[in-house]
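Asks: structure, please.
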Amino acid sequence: MKMRPGTQTGFLLCGKEWVEGDALEVRSPWDQGLVGRVTVATRADARQAVNHAWASLRRTRALPRWKRREILEDVAAALIEQKERFAQLIVAEAGKPVRLARVEVDRAVLTFKTAAEEAVRMGGETLPLDLTEGNEGRWGMVQRFPVGPVLAITPFNFPLNLAAHKAAPAMAAGCPLILKPAPQTPFTSLALGEVILKAGWPEEGLAVLPLDNADAAWLAEKEDRIKLVSFTGSAKVGWELKMHSGRKRVLLELGGNAALIVHSDWQDLEEAALKTAHAAFGYAGQSCISVQRVFVERSVFHSFLWKMAEHAGRLVVGDPALEATDVGPMIRLGDAERVEAWIKEATDAGAKVVTGGERKGSMVPPTILSGTRTGMKVRDEEVFGPVAVVEPYDDFEEALAEVNHSKYGLQAGLMTRDAGRIMTAYRELEVGALIVGDTPTWRLDPMPYGGIKDSGLGREGIRSAIEEMTEPRMLVMTGVGQN
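Replies: Okay, here's the model as predicted:
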């Protein structure tokens, strides 16, 4: 794949790179340098991709499990071998600090390795059916079969691993895949597509199409041969896709407003503050489980606040290509300006800036606010930037209520040593996962991952996604093998 600035890279369709057509310029979030140009696929190209995907279903469905495992293992091996190549692509396109980009490649390796294991573990069951008189000799079997072609729409912030979280389970399930990457980060997905095809996945069973949003929506809504849409992105777009997708299955991994509760019995406030600073501000907070709200028991509130501010001040802000950088640029200047406006809205209404707050271009430094209240965007909406609000609480039930006072429900964190509080929080918090002893930003890729309320529908995590991408089918046998 050509990656010299000024050259044009084509999209992937039926194993070929298609270069002719309108080009989209991809520029570095850090310095606006030209990363490259990519050919934008048209609606006709999308229709052709569906034709190929539908035609390939019989072949992908019939791939034996050992072959699916082998292909997935080969993809993982190629990512290990090309780790630095993929890390540098992520840095160039997404502005992710290079150390974090390498971690993302490692996570994608685990995603494909886990899918390889699940491809051969995905079993069924036999059922006795001779349960009433007259049904002697009947028995049944249930197996899972691929639902059909999958449309995967991915965001910019994890251009490799979130694509992997859709491609790997689809391949393990035997589903053809059409991958639509974010316009800011197409090259990482195209490189992944090349790796998948070289590993032996059927050429007609994969397309990587940089589409404009209108054509992607048309594909999701109008093309009935697409059987499942897996979308990661904003709540507004995700719920609109679901509303217009008819009978298709729809998986939505949407926004978050992740909260952390720090109780006074947590012994190591220093470690807690350090973890929270990294979880709130790493990669400029551009993660749906980035820590945004922190509720600290009042007796340790000021101690925790100043420790967190101290650690935030030590984070290195700057060029994502440098090894020391913790916080790079936001993906677009407009996003940085939006975050700046939300900070100003909060301070105009009485919130205090503890540290940070002053934007320079697309760079927003780690910013801690206190004295916020409901009704402020930094408290109620998903900032998706390097901003955290830290507030005191007096009663644990009050803290739980504050966490639940959100239209999002993805993950929450809890730092306490009390088993009773842990079980109460597990029962009461309206989230997809509660992370005890750490921040809500922690995630291991094989685990079921997703949220409730405006945070989405269904679960990612390889086994969960495979179940979503397959359907159980019953076989009833009568009198077979009997004399």
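
Asks: contacts and neighbour counts: CA atoms only from here.
Replies: Will do.

Asks: what number of residues lie near residue 448?
Replies: Applying other Cα atoms under 10 Å, we find 18 other residues in the vicinity of residue 448.

Asks: show me what contacts it?
Replies: By Cα atoms under 8 Å, 6 or more residues apart in numbering, residue 448 lies in contact with 459-464.

Asks: again, but for residue 300
Replies: Neighbours of residue 300 in contact, by Cα under 8 Å, 6+ apart: residue 264.

Asks: try it again with 10 Å
Replies: Going by Cα atoms under 10 Å, 6 or more residues apart in numbering, residue 300 touches 262-266, 269, 392.

Asks: repeat that for residue 454.
Replies: Per Cα under 10 Å, 6+ apart, neighbours of residue 454: 234-236, 238-239, 252-256, 406-410.

Asks: so which of these are in helices?
Replies: Applying DSSP state H to these, the entries found in helices are 235-236, 238-239.

Asks: by neighbours, which of those wins?
Replies: Going by other Cα under 10 Å, residue 238 tops the ones in helices among the contacts of residue 454 with 24 neighbours.

Asks: highest neighbour count among the contacts of residue 448?
Replies: Ranked by neighbour count (other Cα under 10 Å), these have residue 462 at the top, with 31 neighbours.

Asks: coming back round to it: out of the ones in helices among the contacts of residue 454, who's nearest residue 46?
Replies: Nearest to residue 46, judged by Cα to Cα, of those is residue 238 at 19.6 Å.

Asks: correct me, but the closest one touches residue 231?
Replies: Yes. Residue 238 lies in contact with residue 231 (Cα atoms under 10 Å); the separation is 6.6 Å.

Asks: next, give phi and psi for the closest residue to residue 233 other than its chain neighbours.
Replies: Once flanking residues are discounted, residue 233 sits nearest to residue 254: 5.2 Å by Cα to Cα, 6 or more residues apart in numbering. Here is the backbone geometry of residue 254 (degrees, to the nearest 10): phi -110, psi -150.

Asks: next one: residue 378
Replies: The phi/psi pair for residue 378 (degrees, to the nearest 10) reads phi -70, psi -20.

Asks: for the chain, which residue occupies the most central location?
Replies: Most central in the chain under Cα atoms, centre = their mean is residue 162, positioned 4.7 Å from the mean C-alpha point.

Asks: ok, so of the contacts of residue 454, who is nearest residue 109?
Replies: Nearest to residue 109 among the contacts of residue 454, counting by Cα to Cα, is residue 253 at 20.7 Å.

Asks: which one of the contacts of residue 448 is nearest residue 442?
Replies: Lowest distance from residue 442 to the contacts of residue 448 (Cα to Cα) belongs to residue 461, with 13.7 Å.

Asks: residue 358: what secondary structure?
Replies: Secondary structure, DSSP: H, G, I helix; E, B strand; the rest coil: residue 358 is coil.

Asks: hang on, it packs against residue 364?
Replies: Yes. The criterion here is Cα under 10 Å, and residue 358 meets it with residue 364 at 6.6 Å.

Asks: if we can go back for a sec, give the residues shared as contacts by residue 238 and residue 231.
Replies: Listed as contacting both residue 238 and residue 231 by Cα under 10 Å, 6+ apart are 153, 250-254, 456-457.

Asks: do you know how far the residue nearest to residue 97 when sequence neighbours are not counted is from residue 95?
Replies: Computed as Cα to Cα, 6+ apart, the closest residue to residue 97 that is not its neighbour in sequence is residue 320, at 3.9 Å. Here the criterion is Cα to Cα, to the nearest Å. By it, residue 320 lies 6 Å from residue 95.

Asks: so what's in contact with the two at the same time?
Replies: In terms of Cα under 10 Å, 6+ apart, residue 320 and residue 95 are both contacted by the residues 29-30, 88, 101, 283, 327-329.

Asks: which of the residues you listed fall within helices?
Replies: Filtering the shared contacts of residue 320 and residue 95 for helices - DSSP H - leaves 88, 101.

Asks: ranking by neighbours, what's the top pick from the contacts of residue 300?
Replies: Using other Cα under 10 Å as the neighbour criterion, residue 262 leads those with 28 neighbours.

Asks: correct me if wrong: that residue contacts residue 275.
Replies: No. Assessed by Cα under 10 Å, residue 262 is found out of contact with residue 275, at 11.8 Å.

Asks: which SSE is residue 273 in?
Replies: helix 269-281 (DSSP states H and E).

Asks: return the set of buried residues in that helix.
Replies: Using 16 or more other Cα atoms under 10 Å as the test for burial, helix 269-281 gives 269, 272-281.

Asks: got those residues as CSV, with distance to residue 69 and pLDDT columns?
Replies: Shown next, in CSV, are these (distance: Cα to Cα, whole Å; pLDDT from 0 to 100):
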residue, distance to residue 69, pLDDT
269, 44, 97
272, 40, 98
273, 42, 98
274, 40, 98
275, 36, 98
276, 38, 98
277, 39, 98
278, 36, 98
279, 34, 98
280, 37, 98
281, 37, 98
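
Asks: just the closest of the residues you listed to residue 382, please.
Replies: The closest of the buried residues of helix 269-281, once distances to residue 382 are taken by Cα to Cα, is residue 280, at 12.3 Å.

Asks: which residues touch the closest residue to that closest one other than its chain neighbours?
Replies: Distances taken as Cα to Cα, 6+ apart put residue 291 closest to residue 280, at 4.4 Å, once the chain neighbours are dropped. Residues counted as contacts of residue 291 (Cα under 10 Å, 6+ apart) are 256-260, 275-282, 285, 384-389, 411-413, 439-441.

Asks: residue 114 now?
Replies: Residue 114 is in contact with 69, 72-73, 76, 108, 168-169, 172, 445-446, 461-463, counting by Cα under 10 Å, 6+ apart.

Asks: check which helix or strand it maps to.
Replies: helix 98-121.

Asks: who's in contact with the very next helix or strand once past that helix?
Replies: Counting by DSSP H and E, the element after helix 98-121 in chain order, helix or strand, is strand 125-128. In this structure, residues lying in contact with strand 125-128 by Cα under 10 Å, 6+ apart are 136-144, 474-476.

Asks: among the residues you listed, which are located in helices?
Replies: Among the contacts of strand 125-128, no member lies in helices (by DSSP H).

Asks: report the contact partners of residue 45.
Replies: Counting by Cα under 10 Å, 6+ apart, residue 45 touches 11, 13, 18, 51, 207, 209, 211.

Asks: does the last one belong to a helix, a strand or coil?
Replies: So the one you mean is residue 211. coil.

Asks: how near is it to residue 249?
Replies: To residue 249, residue 211 is 21 Å away according to Cα to Cα.

Asks: give me the more crowded residue out of those two.
Replies: Set side by side, residue 211 and residue 249 show more neighbours around residue 211, with 25 against 17, by other Cα under 10 Å.

Asks: which residues touch residue 367?
Replies: Applying Cα under 10 Å, 6+ apart, the residues near residue 367 are 277, 280-281, 309, 312-313, 343, 353-358, 385-389.
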